[in-house]
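Colleague: Turn this into a structure:
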Amino acid sequence: MSVLRTLPATVLALALALAQVLVLVLVLVLGLLLAQPACATVIYRWVDESGRTHVSDVVPEKYRKSATRIDSAGSDVSAVQAREARELAAREKALADAPGKRAQRQQSAQPASAASAATSPKRPAQGVTDTTDCSTWRRLYQESEECFGPYRTVGGGVKQEAFERCNVIPSPELKCGPIRE
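Modeller: Residues are numbered from 1 along each chain as shown. The predicted structure is shown next:
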């Protein structure tokens with residue numbers, strides 16, 4: 001008889017515990033569903049008086065009438081894209097963390113003339129003087145240009161490290177005239 005009296009209390013306790021778990025799961029699911037739209041930021045695009053296009057979630061007061069809402073749903077990252085990005089970042093971090101590999105990568109990325117310049121003294125090894133003959137001056141000028149070549153930027157400038165490896169030789173054209181072929 002004592003088993004029958006305790007059975008309903010055990011069943012009742014079990015049912016109450018199950019109901020609490022269900023309520024907790026329901027609250028978590030609702031919380032996630034309600035939090036989803038809160039994470040999506042509304043983004044606007046507008047053009048200022050100087051013609052620059054701006055994209056932001058905050059629009060200055062004077063541009064609110066001309067701002068257009070941008071659909072940012074297309075910018076969501078899929079699970080596959082996120083995984084690929086993490087893998088790529090891990091590979092790049094591993095390459096960046098390996099100190100010996102960094103120097104090896106930099107040396108292999110440089111053209112052959114730049115790689116040899118890194119291990120040798122400045123090129124050309126000699127400069128020009130008032131007594132330098134034209135053929136020697138032209139040869140030294142050509143060697144200097146070849147040394148500076150890998151360090152030239154797209155805009156026409158020269159990277160600072162070039163001056164640590166290359167000697168500047170002025171053009172021989174003023175003294176020797178243009179090259180005749």
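Colleague: ok, for Cys147, nearest residue in space, not its chain neighbours?
Modeller: Closest residue in space to Cys147, ignoring its immediate chain neighbours: Cys166 at 3.7 Å, by Cβ to Cβ, 6 or more residues apart in numbering. (Each C-beta comes from the backbone N, C-alpha and C, glycine too.)
Colleague: Bridged to the one you found, which residues?
Modeller: When assigned by DSSP bridges, Cys166 has beta-bridge partners Arg123.
Colleague: Distance check, it against His54.
Modeller: 44 Å (Cβ to Cβ, to the nearest Å).
Colleague: Settle it for me: which of these two has more neighbours?
Modeller: Legend: neighbour count by other Cβ atoms under 10 Å for Cys166 and His54, higher for Cys166 (24 against 14).
Colleague: In contact with that one, which residues are there?
Modeller: Cys166 sits next to 117, 122-123, 144, 147-148, 151 when contact means Cβ atoms under 8 Å, 6 or more residues apart in numbering.
Colleague: so where's the chain uncertain?
Modeller: Applying pLDDT under 70 to the chain flags the ranges 1-9, 12, 32-40, 72-75, 98-120, 181.
Colleague: all helices for it, in order.
Modeller: For the chain, the helices defined by DSSP state H occupy 2-39, 79-97, 99-109, 112-119, 134-148, 162-165, 173-176.
Colleague: For the closest residue in space to Val47 that isn't next to it in sequence, give me its contacts.
Modeller: Among residues not flanking Val47 along the chain, Thr53 sits closest, at 5.3 Å (Cβ to Cβ, 6+ apart). Taking Cβ under 8 Å, 6+ apart, we find Thr53 in contact with 45-47.
Colleague: Return the distance of Thr53 relative to Thr10.
Modeller: Distance of Thr53 to Thr10, computed by Cβ to Cβ: 68 Å.
Colleague: Report the distance from stretch 68-82 to the chain centre.
Modeller: With Cα atoms, centre = their mean, to the nearest Å as the basis, stretch 68-82 stands 20 Å off its chain's centre.
Colleague: for stretch 45-64, same thing?
Modeller: 26 Å.
Colleague: that older thread, with respect to Gly31, which of the contacts of Cys166 is nearest?
Modeller: Lowest distance from Gly31 to those (Cβ to Cβ) belongs to Tyr151, with 57.5 Å.
Colleague: Excluding residues flanking it in the chain, which one is nearest the closest one?
Modeller: Ala162 (3.4 Å).
Colleague: neighbours of that neighbour, just the number please.
Modeller: 18.
Colleague: Over to Ser144?
Modeller: 21.
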